Each structure stands twice: as C-alpha cells, then as structure tokens.
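1. just a sequence and a predicted model for now, questions to come.
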Amino acid sequence: ARETVRSFNYRFGTKVLIEPQVKHTEVKKVVGIDGKDKMSKSLNNHIELALTAEETTKRVREMVTDPARMRKTDPGNPDICNVFTMHKIFSPQEEVDMINVECRKAGIGCVDCKLRFASNLNKHLEPFRAKRAEFESKPAEVKDILADGGKRARAIAQQTMTEVREAMKLP
C-alpha cells in the first residue's frame with residue numbers, strides 16, 4: 001500500500017493519497033496458542049473475542065509454553081514462551097517483570113502463569129464483552145449505526161476519488 005501511494009503521488013505530483021505509517025510495537029507477531037504460527041482463526045489457534053471469560057481461560061490453558069520446561073521445579077525461559085509474550089501485551093509491567101524473574105528461577109509454574117495471563121486478558125476484554133452484549137440486545141440500533149458509518153465513509157471516499165480524478169486530469 002505504501003509503495004502504491006508513493007508511486008501515485010509522485011507520478012501525478014500530488015499528495016492526495018496519504019501514506020499509511022508502520023506502527024511498531026514491542027510484540028511484532030502474536031503467535032497462536034499452539035506456539036507454531038501466527039494466531040489465526042483458520043488455523044484454530046486463536047482466542048475468539050466473543051468467548052466468555054471461562055472459555056477464554058480454557059483456551060489460555062491450552063497454550064504452549066517453554067517446551068524445555070517439563071516440571072514446575074525446572075527453571076523456565078520466558079524469552080521462548082508464548083504465554084510470556086502475551087503477558088507483555090495484556091499484563092501490567094510490574095507483573096511482567098515479576099513473571100520474568102520468577103519463571104527463570106522456577107518460582108512460578110506454567111499453569112499459574114497461564115491463569116494470571118487469563119485473568120489479565122479477561123479484565124482487558126470485559127469492556128468489549130459488555131459493549132457486545134449491549135449491541136446484541138439492540139440490533140436495530142446497530143443497523144442504524146452501520147448505515148450512518150457507511151454514509152459518512154462514502155462521502156469521504158467520493159471526495160478522495162474526486163481529488164484523484166483531478167490529479168489524473170480525468171473527467
């Protein structure tokens with residue numbers, strides 16, 4: 001997309017199209033609960049946002065952790081643990097730091113680590129679940145919101161297309 005925008009703007013001497021910017025985060029790729037590929041619905045290694053807190057916890061308990069850590073008394077390596085990576089996204093920094101230290105010295109087990117992550121993830125998802133429940137109870141309102149959003153998006157798209165045609169000197 002960035003190359004297309006740059007090419008168009010350069011070719012037609014304009015700044016009509018806005019170049020999308022990369023957003024860098026600490027976690028570059030969210031790995032699925034199987035620990036193999038990126039999280040994906042088609043691979044069934046995802047955690048659905050529509051799940052209940054209990055269902056989310058069940059999925060988190062299925063997550064792959066440090067494969068070298070066989071027992072709770074074995075020191076772990078958070079650097080290769082998918083659950084720890086997810087903690088970096090959803091858990092408070094103090095808890096991430098504590099888990100990093102405790103895992104390395106076998107002070108916390110994988111099950112406890114997963115349950116802490118599930119709790120933090122569920123806290124994070126609770127406002128979304130509440131909003132979803134609210135919308136599910138008002139389908140007519142949702143339809144109106146979508147229609148209004150579509151109308152506003154079409155107006156913006158039409159304006160952009162007018163500017164594109166002008167830049168290209170098309171009628």
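-> Okay, I see it.

2. show me what contacts the residue most central in space within the chain?
-> Compute the mean C-alpha point of the chain, and by Cα atoms, centre = their mean the closest residue is Val30, 7.5 Å away. Residues touching Val30, when contacts are defined by Cβ atoms under 8 Å, 6 or more residues apart in numbering, comprise 38-39, 85-86, 89. In this view, the C-beta of every residue, glycine as well, is placed from N, C-alpha and C.

3. could you do Phe135 as well?
-> Going by Cβ under 8 Å, 6+ apart, the list of residues near Phe135 reads 141-142.

4. what do you get if the cut-off is 6 Å, keeping everything else the same?
-> Under the criterion of Cβ atoms under 6 Å, 6 or more residues apart in numbering, the neighbours of Phe135 are Val142.

5. which among the contacts of Val30 count as buried?
-> Among these, those scoring as buried are 39, 85-86 (criterion: 16 or more other Cβ atoms under 10 Å).

6. just name the closest of the residues you listed to Ala118, please.
-> Comparing the buried ones among the contacts of Val30 against Ala118 with Cβ to Cβ places Met86 closest, at 9.7 Å.

7. so that closest one, which of the three states?
-> Following DSSP: H, G, I helix; E, B strand; the rest coil, we place Met86 in the helix state.

8. ok so, going back, from Tyr10, how far out is the residue nearest to the centre of the chain?
-> Distance from Val30 to Tyr10, counting by Cβ to Cβ, to the nearest Å: 34 Å.

9. then Pro127?
-> Distance, Pro127 to Tyr10, using Cβ to Cβ: 43 Å.

10. Glu55 now?
-> Distance, Glu55 to Tyr10, by Cβ to Cβ: 50 Å.

11. equivalent analysis for Glu134, please.
-> Note on Glu134: its distance to Tyr10, by Cβ to Cβ, is 46 Å.
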